[in-house]
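K.L.:
Okay, here's the prediction I keep looking at, along with the sequence it came from:
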Amino acid sequence: FFSSHPTMSPERKRVKMSASSSALDVKCIDTVRMFSADMVQAAKSGHPGAPMGCAPMAHILWSDTMSYSPSCPEWSNRDRFVL
């Protein structure tokens, strides 16, 4: 299956960023990944796999998709992230 499907190859380990991705996007994602690993290490419990793997998705949600304003948390039409 992997050899017949180019996007599912086992060699693909990093998330492929689009041409519009900036160096700042990559730095943000990598920072979230490192904080995730640091938190698991500090707690001496858990596994960083899910937060490290979901970092690109979370970055896209927070930076491009969700509508919110940190300066106005009472805004009734804001998007809410529920984990």
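P.N.:
Happy to help now that I have it. Numbers count the residues shown, from 1 in each chain.
K.L.:
where exactly do the helices run in the chain?
P.N.:
Using DSSP state H, the helices of the chain run over 23-43, 49-60.
K.L.:
number of nearby residues for Gly46?
P.N.:
Gly46 has 12 neighbours, counted by other CB atoms under 10 Å. C-beta: built from backbone N, CA, C; applies to glycine.
K.L.:
quick one: the spatially most central residue of the chain from Lys44, how far?
P.N.:
The centroid of the chain falls nearest to Ala55 when counting by CA atoms, centre = their mean (1.8 Å). For Ala55, the distance to Lys44 (CB to CB, to the nearest Å) stands at 22 Å.
K.L.:
same question, Cys72
P.N.:
38 Å.
K.L.:
In terms of neighbours, single out the busier of those two.
P.N.:
Cys72 (9 against 6).
K.L.:
Please name the residues that touch the more buried one.
P.N.:
By CB atoms under 8 Å, 6 or more residues apart in numbering, Cys72 lies in contact with nothing.
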